[in-house]
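Visitor: have a look; sequence and predicted model below, questions after that.
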Amino acid sequence: LAVTHSPPVSYTNTLIPQRADPHISKHTDGYYYFTATVPAYDSIIIRRSPTIQGLSSAPETTIWRRKSSGIGSNQIWAPELHHIDGKWYMYVALGVANEWRIRAFVLEGVGANPQTATWTEKGLINTDWDTFSLDAHHFQVNGTRYLVWAQQEPTRTDENSSLLLAKLLNPWTIQRPATVISRPLLSWERVGYKVNEGPATLQKNGKIFLTYSASATDSNYCMGLLTASVDADLLDPASWSKAPLPVFQSNGLTGQYGPGHNSFTVSEDGLSDVLVFHDRGYPNITGDPLNDPNRRTRVQKVYWKVDGTPDLGIPVPDGVTPVRLRSFSFPESYVRDYTGTSPSGAATLADTLFRVVSPGLAGGNTVSLESASRPGMYMRRSGTQIRFDAGNDSPSASFTKEASWMRKEGLADAKNGVSLEAAGATGQYLRVTGSEGGLVVAAVGGDSTQKGQATFYLE
Ligand SMILES: OC[C@@H]1O[C@@H](O)[C@H](O)[C@H]1O
């Protein structure tokens, strides 16, 4: 299985404050379309931009507003915009005033640009049960259109929602009966509320990866992963295997809490998969988390494991998204963060994420590598060894120099690779010593092995 390697992405988080359940989709007109839940739960908005980062400042159009009575006169949750057979469809959960009655609903939009399209109501998605239903997501596999959504099963009222799947007869009508493909049975799915919701899909390597969110929408909120083969009978629950542990969750070191209700899109160059999700920048919430307006939209790159499955890693810190440095000499190993003077054990994706700080701590045209999983920790040379140490507000001159590097063309691949020469130590380069990721700083002569050890690909 060919592992997907793609150039780094560069986005700045937070992308959009106070926008939850973010849905970004790239359309054939070259625009990214964004919709999400607004804190007042009273309208459906759309933004568009030729770039993902541009969505942060793009004007927001309201295409639908809360009604005075009936369905749509209360919560408006988790809209998703899909273009199907030449028309736009907005899947959204709508509530009814003065009662806890939320149901999945569909709007249809006619017009090239959904911000100016003519929107009409196609009505409720008629499922088998008249119960709490939300977070409908449309996807297509081998030409068949499916809808997956969250709904409370009438026989399991001690739980809030399971994930249901059905074929679509048309964009607003499912083929019944639907199939339950996942229930909130694992401990991490049942903290605060017993929830499986916010499904999203990504297809690659002959597989369909369905992420979903679990537990209450506070810092316990996290994401799970269901996987099936694209050739399987997706309506057979046995076709889906569930990851036993969360694949994305709160991270105190990066300051990200309750990440979830994601969508997937692709980078501008079309080469990278991009995870779009919401979280908060603080763990503690007073009152019902749904009344806290600060779920914000964030984006980061999806990496792929050698077994062809997605690796979401950790929610990265605020600021510019990090990169990985893959070794030229040891193609499946990466520069990694570690404590002490050498790495031990297998590296996680998180260990290999670095922010390229430019200019570096030594200023000028140096760069520094800051660990994204341990913000504030910098890669520095200590004699011929490499350590990761905390920079502080007034780092010593020796620290800034030892933690700064000259970014050069790759010694073994000038076109695509990079090499890092120690600032203030001409000819001394960062070199990886083996597939376990040990690092040294040493001279590189004409020897191709040494040049290879000193060359990295940014991802
Ligand atoms: O944001 C409103 C709701 O909160 C989450 O629980 C759901 O996924 C979403 O529909």
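Guide: It's in.

Visitor: which one is the residue in the stretch 251-400 of the chain positioned nearest to the ligand nearest to, not counting chain neighbours?
Guide: Closest approach between the stretch 251-400 of the chain and the ligand, counting by Cβ to the nearest ligand atom: residue 261, at 4.6 Å. C-beta: built from backbone N, CA, C; applies to glycine. Nearest non-adjacent residue to residue 261, counting by Cβ to Cβ, 6 or more residues apart in numbering: residue 198, 3.6 Å away.

Visitor: that neighbour: how many residues sit nearby?
Guide: Residue neighbour count, defined by other Cβ atoms under 10 Å, stands at 28 for residue 198.

Visitor: roughly how far does it sit from residue 216?
Guide: Going from residue 198 to residue 216 by Cβ to Cβ, to the nearest Å gives 13 Å.

Visitor: correct me if wrong: the residue nearest to residue 261 contacts residue 258.
Guide: No: using Cβ atoms under 8 Å, residue 198 is not in contact with residue 258; the gap is 11.7 Å.

Visitor: the helix or strand where the residue nearest to residue 261 lies close to the ligand?
Guide: Following DSSP states H and E, one finds residue 198 within strand 196-204. Yes: judged by Cβ under 6 Å from any ligand atom, strand 196-204 comes into contact with the ligand at 197, 198.

Visitor: what's that strand packed up against?
Guide: Packing contacts for strand 196-204, counted by 3 or more Cβ pairs under 8 Å, 6 or more residues apart in numbering; DSSP states H and E, involve strand 133-141, strand 144-151, strand 162-170, strand 207-214, strand 257-266.

Visitor: just give me the longest strand of the chain.
Guide: For the chain, the strand with the greatest residue count under DSSP state E is strand 71-84.

Visitor: can I get the CA coordinates of that one in CSV?
Guide: The C-alpha trace of strand 71-84 is given here as CSV (Å, rounded to 0.1, in the frame of the first residue of the first chain):
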residue,chain,number,x,y,z
ILE,A,71,-40.4,23.0,12.9
GLY,A,72,-37.6,25.5,12.6
SER,A,73,-38.8,27.8,15.3
ASN,A,74,-36.1,26.9,17.8
GLN,A,75,-32.6,25.3,17.5
ILE,A,76,-30.9,25.3,14.1
TRP,A,77,-28.0,22.9,14.4
ALA,A,78,-25.1,21.6,12.3
PRO,A,79,-26.0,22.5,8.7
GLU,A,80,-24.1,20.7,6.0
LEU,A,81,-24.0,21.9,2.4
HIS,A,82,-23.9,19.3,-0.5
HIS,A,83,-24.1,19.7,-4.2
ILE,A,84,-26.1,16.8,-5.7
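
Visitor: how far out from the middle of the chain is the helix or strand that it is followed by?
Guide: Of the helices and strands lying after strand 71-84 in sequence (DSSP H and E), the nearest is strand 87-96. Strand 87-96 has its C-alpha centroid displaced from the chain centroid by 23 Å (Cα atoms, centre = their mean, to the nearest Å).

Visitor: is any part of strand 87-96 close to the ligand?
Guide: Yes: using Cβ under 6 Å from any ligand atom, strand 87-96 comes into contact with the ligand via residue 93.

Visitor: who's in contact with the helix or strand just after that strand?
Guide: Going down the chain from strand 87-96, the next helix or strand is strand 102-110, by DSSP H and E. For strand 102-110, the surrounding residues in contact (Cβ atoms under 8 Å, 6 or more residues apart in numbering) are 44, 63-64, 71-72, 74-75, 77, 87-95, 117-125, 127, 130, 132-136, 149, 151, 171-172.

Visitor: can you map out the helices along the stretch 251-400 of the chain?
Guide: 397-402 (DSSP state H, counting those that start in this stretch).

Visitor: what's stretch 412-425 in contact with?
Guide: Around stretch 412-425, the neighbours that count as contacts under Cβ under 8 Å, 6+ apart are 325, 328-329, 360, 362, 366-367, 369, 381, 401-402, 404-411, 427-430, 441, 444, 448, 451-452, 454-458.

Visitor: ok, the residue nearest to the spatial centre of the chain - contacts?
Guide: Geometric centre of the chain, nearest residue: residue 275, 2.4 Å, by Cα atoms, centre = their mean. Residue 275 makes contact with 248, 262, 264, 299, 300, 301, 302, 312, according to Cβ under 8 Å, 6+ apart.

Visitor: get me the contact residues on the stretch 201-350 of the chain for the ligand.
Guide: 217, 261.

Visitor: where do the strands sit along the stretch 201-350 of the chain?
Guide: 207-214, 222-229, 241-242, 257-266, 273-280, 296-304, 310-311, 319-320, 325-327 (DSSP state E, counting those that start in this stretch).

Visitor: mean pLDDT added to these, as TSV?
Guide: Output for the strands of the stretch 201-350 of the chain, formatted as TSV (pLDDT from 0 to 100):
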stretch	mean pLDDT
strand 207-214	98
strand 222-229	98
strand 241-242	98
strand 257-266	98
strand 273-280	98
strand 296-304	98
strand 310-311	97
strand 319-320	98
strand 325-327	96
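
Visitor: make TSV from these and add distance to residue 356 to it.
Guide: Shown next, in TSV, are the strands of the stretch 201-350 of the chain (distance: least, Cβ to Cβ, whole Å):
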stretch	distance to residue 356
strand 207-214	28
strand 222-229	27
strand 241-242	36
strand 257-266	22
strand 273-280	19
strand 296-304	14
strand 310-311	20
strand 319-320	8
strand 325-327	9
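
Visitor: who's the closest residue to residue 432 other than its chain neighbours bridged to?
Guide: Distances taken as Cβ to Cβ, 6+ apart place residue 327 nearest to residue 432, at 4.7 Å, with adjacent residues excluded. Beta bridges link residue 327 to residue 456 when assigned by DSSP bridges.

Visitor: any idea how far residue 352 is from residue 327?
Guide: Distance of residue 327 to residue 352, computed by Cβ to Cβ: 11 Å.

Visitor: list residues touching both of these two?
Guide: Each of 334, 335 lies in contact with both residue 327 and residue 352 under the rule Cβ under 8 Å, 6+ apart.

Visitor: which residues sit in contact with residue 224?
Guide: 182, 186, 188-189, 196, 211-214, 242-243, 246-247 are the contacts of residue 224 under Cβ under 8 Å, 6+ apart.

Visitor: out of the contacts of residue 275, who's nearest residue 39?
Guide: Among those, residue 262 lies closest to residue 39 (Cβ to Cβ), at 18.9 Å.

Visitor: what about that closest one, how many neighbours?
Guide: With neighbours defined by other Cβ under 10 Å, the count for residue 262 comes to 26.

Visitor: ditto for residue 288
Guide: Count around residue 288 with other Cβ under 10 Å applied: 10.

Visitor: try residue 364
Guide: Number of residues near residue 364 (other Cβ under 10 Å) recorded here: 9.

Visitor: how about residue 10?
Guide: Residues near residue 10, counting by other Cβ under 10 Å, number 14.

Visitor: now swap in the one 4 residues further on and tell me
Guide: The burial count assigned to residue 14 is 19, neighbours taken as other Cβ under 10 Å.
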